[in-house]
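J.: give me a 3D structure for the following:
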Amino acid sequence: MPYIILALLAIIAFVGLKARAKAKYYRKVYSDVHYRQIGDWVGKVLQMGQVEHPSLEDGSALVTDAGVVVGFTRQFDSEHDVLHFSVSQQQGPTTHAVGGRIMFFLVLLLNRAVRSHHYELRRGLQRHNTKSSRKRVRTLQGKESRRVRDYNHLISR
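T.: Okay, here's the model as predicted:
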């Protein structure tokens, strides 16, 4: 009987230590410093041209201080500029919590980049104040509102 109690106490202690280590890891992953590191990296990779395969040498992949690996590829075809981010963890499979939060953060950064690009376009067109520039501002406004409506629909799911 005492062996069973000792075995149960050992199992409880092991589970407690494992949970504590996991909580420490998640605190590191979800910290502001970690998100800032990913945000700085995204700013650099968005300025890159076409990237076929992510690699650490050219900067299209990043291993963060928390052990999260983020890769970036970019493809251009005739109509679209396709960006692909992949998120994985160094130790074991990528959990949904880590992958989901980091991808949500990446989408927020991309949304901010597109909004600032549209802002610069609109500002330049409004300076001209011609009939054609006003027409382009109206079409750009419609494009922005459709993109925002789609984005809000996606994040509300």
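J.: for the residue positioned nearest the centre of the chain, which non-adjacent residue is closest in space?
T.: Residue closest to the average C-alpha location in the chain (CA atoms, centre = their mean): Leu106, at 2.0 Å. The spatially closest residue to Leu106, leaving aside those adjacent along the chain, is Phe85, at 5.3 Å (CB to CB, 6 or more residues apart in numbering). In this view, the C-beta of every residue, glycine as well, is placed from N, C-alpha and C.
J.: parallel or antiparallel, list what pairs with whatever helix or strand the one you found lives in.
T.: According to DSSP states H and E, Phe85 maps onto strand 81-89. Using DSSP bridges, strand 81-89 pairs in its sheet with strand 68-76 (antiparallel).
J.: still on that earlier bit, hmm, the residue nearest to Leu106 is touching Val70, no?
T.: Yes - if you go by CB atoms under 8 Å, Phe85 and Val70 touch, sitting 6.4 Å apart.
J.: mind listing what's buried along the helix or strand that contains Val42?
T.: Using DSSP H and E, the element containing Val42 is helix 32-45. Neighbour counts over helix 32-45 (16 or more other CB atoms under 10 Å) mark 34-35, 37-38, 41-42, 45 as buried.
J.: now stretch 49-58
T.: Neighbour count says stretch 49-58 has 51, 54 buried, by 16+ other CB under 10 Å.
J.: pull up the distance across that stretch, start to finish.
T.: Using CA to CA, to the nearest Å, the end-to-end distance of stretch 49-58 comes to 12 Å.
J.: what of stretch 44-54?
T.: 14 Å.
J.: model confidence over it, on average?
T.: Per-residue pLDDT over stretch 44-54 has a mean of 87.
J.: on that earlier part again, sheet partners, orientation included, of the next helix or strand after the helix holding Val42?
T.: Once the chain leaves helix 32-45, the next helix or strand it forms, by DSSP H and E, is strand 61-63. Sheet pairing of strand 61-63 (DSSP bridges) gives strand 68-76 (antiparallel).
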